[in-house]
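1. this one's sequence-less:
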DNA sequence: TCCCATAACGAGACTGAGTATCAGATAGGG
DNA sequence: CCCTATCTGATACTCAGTCTCGTTATGGGA
């Protein structure tokens, strides 16, 4: 989860490791919740005034491509990004506080297997998202 | 699945039933696969040259709201729509032919229950999407 | 059946997310 | 250290989606 492992991931994916990409990753991880590309850009400019808008967008795509970030769909049709475990596809999103937790692959795999068997589908990818209220928000 | 049941759904949801809304629904159902709002608009204008762009967008939202259509996220960040069973949230999408099949709620409910119990989450909504190759495309 | 308040419509302007372009900078292999 | 392919940043551009506003039509009530 450190910037070191992100650098490795980029290299393994045939992507270059640049100062800007690490900055984008660092900001995404520090925020720790879903954030739109535009908001992340605004945040980044506070610390790195010369960073380019397109760079942020391109970098987010690159981070998604190598599996350290994930694109998410917000209500509005806007996409948001979250730093996450490589390859992770399943989320538990609180629409009160915006926090996104991950759900283990283990919950989904058996369902995928059953669906594949029942429908003759060859499944390459799966997404499972739950929306609701997290324990903390429900309490407070 | 007829336009009659869509009319009822709109009425039940406190939405008015208009010629345009039924036209949009009819086109969406006829196409029978995921389609972007813009493409649906282009298609609709062939038969109904006076229909407005905003009307199509607004109507798609209304159809989603009353549960006879579903918004979908395509690769590009563009959203697409599919006619579907009311309240339906789970799909099996073939990225070869674009066809979208539905998955029964029954596959997901037990997983939702387990996740809710394990994490203390109050789940309001769930989405499960599988991507892959359908039986027909895999054969041909 | 007619009325009319209110919701929906159509046209077109507007917003803003995301992309393309291109000259200059830089990572990283040799 | 060099060289080149890739990345960056500035800016212009595209186009999905929204808003506005004058007009039209739905549908509940008299």
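-> Nice, thanks for sending it over. All values derive from a computational prediction rather than experimental measurement. Numbering: from 1, shown residues only, chains lettered A, B, ... in the order given.
2. which secondary structure state is assigned to residue A:97?
-> coil (DSSP: H, G, I helix; E, B strand; the rest coil).
3. spit out the contact partners of the closest residue to it other than its chain neighbours.
-> Closest residue to residue A:97 apart from its sequence neighbours, by Cβ to Cβ, 6 or more residues apart in numbering or on different chains: residue A:137 at 5.4 Å. Glycine gets a C-beta too; all of them are placed from N, C-alpha and C. Going by Cβ atoms under 8 Å, 6 or more residues apart in numbering or on different chains, residue A:137 touches A:94, A:96, A:97.
4. among the residues you listed, which ones are buried?
-> residue A:94 (16 or more other Cβ atoms under 10 Å in any protein chain shown).
5. let's have the contacts of residue A:137 in a markdown table, adding distance to residue B:71 and pLDDT.
-> Formatted as a markdown table, these follow (distance: Cβ to Cβ, whole Å; pLDDT from 0 to 100):
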| residue | distance to residue B:71 | pLDDT |
| --- | --- | --- |
| A:94 | 21 | 82 |
| A:96 | 22 | 72 |
| A:97 | 24 | 75 |
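6. picking up where we left off before, so the residue nearest to residue A:97, which state does it fall into?
-> Quick answer, by three-state DSSP: residue A:137 is helix.
7. and the pLDDT for it?
-> At residue A:137, the model reports a pLDDT of 84.
8. next one: residue A:95
-> Residue A:95 is given a pLDDT of 69.
9. what does chain A put close to chain B?
-> A:71, A:73, A:77, A:79, A:92, A:94-95, A:101, A:103, A:107-108, A:111-112, A:114-116, A:119-135, A:138 (Cβ under 8 Å from any Cβ of the partner chain).
10. kindly recompute the last result at 6 Å.
-> For chain A, the residues in contact with chain B (Cβ under 6 Å from any Cβ of the partner chain) are A:73, A:77, A:79, A:92, A:107, A:111, A:120-135, A:138.
11. what kind of secondary structure is the residue in chain A sticking out farthest from the centre in?
-> No residue in chain A has its C-alpha farther from the mean C-alpha position than residue A:118, which lies at 30.6 Å (Cα atoms, centre = their mean). Of the three states, residue A:118 takes helix under three-state DSSP.
12. now swap in residue A:101 and tell me
-> Residue A:101 is classified as strand under three-state DSSP.
13. any idea how far it lies from residue A:62?
-> Going from residue A:101 to residue A:62 by Cβ to Cβ, to the nearest Å gives 24 Å.
14. and these two? Which one has more around it.
-> More crowded of residue A:101 and residue A:62, by other Cβ atoms under 10 Å in any protein chain shown: residue A:62, with 20 against 15.
15. with adjacent residues omitted, what lies nearest to the more buried one?
-> residue A:15 (5.4 Å).
16. okay, now the one you found: neighbour count?
-> 16.
17. tell me the spacing between it and residue A:59.
-> For residue A:15 relative to residue A:59 (Cβ to Cβ), the value is 10 Å.
18. likewise residue A:28?
-> 9 Å.
19. residue contacts, the residue nearest the centre of chain A?
-> In chain A, the residue lying closest to the centroid (Cα atoms, centre = their mean) is residue A:70, at 2.4 Å. Residues in contact with residue A:70 (Cβ atoms under 6 Å, 6 or more residues apart in numbering or on different chains) are A:82, A:84.
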